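In: predicted model and sequence follow; I will ask about them next.
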Amino acid sequence: MSQSEARLSVPVSSDDHAVGLENAPLTVVEYGDYECPYCGQAFAIIQALQKAFGDSLRFVFRNLPFADMHPHAQQAAEMAQAVGVQGKFWEMHDLLYENQRELGAKALLDYSAQAGANVQEVVAAIKSGEPRTRVERDLESAIRSGANGTPTFFINGERYDGSWAYEPFSDYLSTILN
Amino acid sequence: MILSPGTAAPDFTLPESPGKMVTLSEISSPVVLIFYPADWSPVCGDELSIFQAAGQLFAAHGAQLLGISVDGVWCHSAFRADRKLSFPLLADFNPKGNTAKSYGIYRDDDGISERALFVLDRAHNITWSYLSPMPVNPGADGALRALEATS
């Protein structure tokens, strides 16, 4: 049950937040929520996988905030997006997952400064509504791709229904590589 | 056998909360029925949450989402509050599983409903149905596509 019929409805493009080589044999797309504790666990696992697979793995993050259940998720996602415009998306992404328990409005501004962004520009970007539109677009692509919770992973375009604990996830990626 | 497209959706009246009943035939919009095995089980929680997250996309087609399991209303109301769900969860509790049976998705052996989705058009004909493997959360993409094809 590792593979499913569900496929990524919006292919990975230069518009995405991606780490790794474009022609890497493995592309893992995560749909995640910054306030979701499972995504917090997955954050450490993804880092370990990136280390283990090196240039063979490209990682892409897209937003799937469960805004009704997680009161800060939408705002955190928009902030990461706004900081991303200044080229510091991954710094912010990591800070958010390292500080999942504190995602209030003031904390989010602190993290954007720590990430190296110009906070005034971040605030202006949020006001423009652009980050919100982007997060909504991610969410729609998640739903249309058959994302079924957070985190949902797509490996080379196919939804991965197996366990994302390190060993089974890593074993599955190795199988695809070989 | 799960009811297939082209079939008229069997009507039902089920409690949504203590004292409040929902009757399918009184709803005048397209409907998405989300049958699931039980409140609180991890897969079900995510399944309903993804429909909640997709709420706007379904609302754009005027569709009413209804979750249905054999759990009772008190269990439903606690679960619904915990998961911050804005659509109703109906209790197919007494006679147990009657509605699931009428849609062909009751599991006699363990007394719960299958994980199954139905899209009903405005006239409440089934336009799409899907039986998911028990441990796999189906996601909302199939129901959304079916609804878009319907309306």
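Out: Yep, it's here.
In: name the SS class of the residue of chain A found nearest chain B, please.
Out: For chain A, the residue closest to chain B is residue A:149, as judged by CB to the nearest CB, at 3.1 Å. (Each C-beta comes from the backbone N, C-alpha and C, glycine too.) Going by DSSP: H, G, I helix; E, B strand; the rest coil, the secondary structure assigned to residue A:149 is coil.
In: got a list of what it touches?
Out: By CB atoms under 8 Å, 6 or more residues apart in numbering or on different chains, the residues touching residue A:149 are A:38, B:43, B:46-47, B:49-50, B:137.
In: kindly recompute the last result at 7 Å.
Out: B:46, B:49-50, B:137 (CB atoms under 7 Å, 6 or more residues apart in numbering or on different chains).
In: so what does the spatially most central residue of chain A have for phi and psi?
Out: In chain A, the centroid-proximal residue (CA atoms, centre = their mean) is residue A:61; its distance is 2.8 Å. Main-chain dihedrals, residue A:61, degrees, to the nearest 10: phi -110, psi 130.
In: so where do the strands sit in chain B?
Out: With DSSP state E as the criterion, chain B has strands at B:13-17, B:20-23, B:31-35, B:64-69, B:89-91, B:106-107, B:112-113, B:115-120, B:126-132.
In: pick out the residue of chain B closest to chain A.
Out: residue B:46 (3.1 Å).
In: shaky segments in the chain?
Out: As the question left the chain open, I've gone with chain A. Scanning chain A for pLDDT under 70 picks out A:1-4.
In: oops, I was thinking of chain B
Out: Ranges of chain B meeting pLDDT under 70: B:44-45, B:151.
In: again, 80 this time
Out: Counting by pLDDT under 80, chain B shows low-confidence ranges at B:42-46, B:151.
In: spell out which residues of it are next to chain A.
Out: B:46-47, B:49-50, B:52-54, B:57, B:83-84, B:86, B:133, B:135-141, B:144 (CB under 7 Å from any CB of the partner chain).
In: buried only: go through these for me.
Out: B:46-47, B:49-50, B:52-54, B:57, B:83, B:136-141, B:144 (16 or more other CB atoms under 10 Å in any protein chain shown).
In: before we move on, the earlier item: contact partners for the residue nearest to the centre of chain A?
Out: Taking CB under 7 Å, 6+ apart, one finds A:17, A:30, A:32, A:93 in contact with residue A:61.
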